[in-house]
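*Asks:* Kindly generate the corresponding structure for this input.
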Amino acid sequence: MALKRYNPETVYQPVAAYCQNTEVPAGARWLVTAGQVGIAPDGTLIKDREEQITQTWKNVRAVVEAADMSCDDIVKLTIFMVADAADLLAHSRQARGDALGGATPGATLIYISGLADPDMIIEVDVVAAKVD
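*Replies:* The predicted structure follows:
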């Protein structure tokens, strides 16, 4: 049995690339990641705001793939974005689509006042499940 995604007709339809519900069958292998931010593989925090967002979404894909999963296995994203970067939401959605392809996991976007480093503008937590 695979992951089952659906948008019930009894609630509003998604306004972006996400799904209201994902059912995970018994026996699936679960992955819960640390928050992913715009730090390059060499440990450098990307300073350009758009590039930092793009790197964050690349990191999301990389940690999922490192667990021998694909973006289609992502069940839920929690996206934390600093409020003064709200003007970059469209860029984040594009970078997310580029990195995740057609995957439409559940997602929550939360605007916050800051992250662990004052130069960070986005952090993404991932929950994924793979049916082997």
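*Asks:* next one: phi and psi at residue 81?
*Replies:* phi -130, psi 130 (degrees, to the nearest 10).
*Asks:* need the contact list for it.
*Replies:* Contact partners of residue 81, counting by CB atoms under 8 Å, 6 or more residues apart in numbering, are 88-89, 92, 109-112, 121-122. (Glycine included, C-beta is placed from N, CA and C.)
*Asks:* tell me which element the residue lying closest to residue 33 once chain neighbours are set aside is part of?
*Replies:* Spatial nearest neighbour of residue 33, excluding adjacent residues (CB to CB, 6 or more residues apart in numbering): residue 126 at 4.3 Å. Element membership for residue 126 (DSSP states H and E) is strand 122-130.
*Asks:* What is the distance between that strand and the centre of its chain?
*Replies:* Distance, stretch centre to chain centre, for strand 122-130: 5 Å (CA atoms, centre = their mean, to the nearest Å).
*Asks:* ranges for the helices of the chain?
*Replies:* 49-66, 89-100 (DSSP state H).
*Asks:* Check what contacts the strand holding residue 126 and list those residues.
*Replies:* Contacts to strand 122-130, defined as CB under 8 Å, 6+ apart, come from residues 3, 24, 28-38, 52-53, 56-57, 60, 63-64, 67-69, 73-82, 85, 92, 115.
*Asks:* Spatially central residue for the chain, please.
*Replies:* residue 77 (4.3 Å; CA atoms, centre = their mean).
*Asks:* tell me the contacts of that residue?
*Replies:* Applying CB under 8 Å, 6+ apart, the residues contacting residue 77 are 18, 60, 105-108, 124-127.
*Asks:* Can you redo the residues you listed as JSON lines, where the extra columns are pLDDT, neighbour count and distance to residue 7?
*Replies:* JSON lines is the format used below for the contacts of residue 77 (pLDDT from 0 to 100; neighbours: other CB atoms under 10 Å; distance: CB to CB, whole Å):
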{"residue": "18", "pLDDT": "88", "neighbour count": "19", "distance to residue 7": "9"}
{"residue": "60", "pLDDT": "98", "neighbour count": "25", "distance to residue 7": "22"}
{"residue": "105", "pLDDT": "96", "neighbour count": "21", "distance to residue 7": "13"}
{"residue": "106", "pLDDT": "95", "neighbour count": "17", "distance to residue 7": "10"}
{"residue": "107", "pLDDT": "96", "neighbour count": "17", "distance to residue 7": "13"}
{"residue": "108", "pLDDT": "96", "neighbour count": "11", "distance to residue 7": "16"}
{"residue": "124", "pLDDT": "98", "neighbour count": "24", "distance to residue 7": "22"}
{"residue": "125", "pLDDT": "98", "neighbour count": "16", "distance to residue 7": "22"}
{"residue": "126", "pLDDT": "98", "neighbour count": "25", "distance to residue 7": "21"}
{"residue": "127", "pLDDT": "98", "neighbour count": "18", "distance to residue 7": "19"}
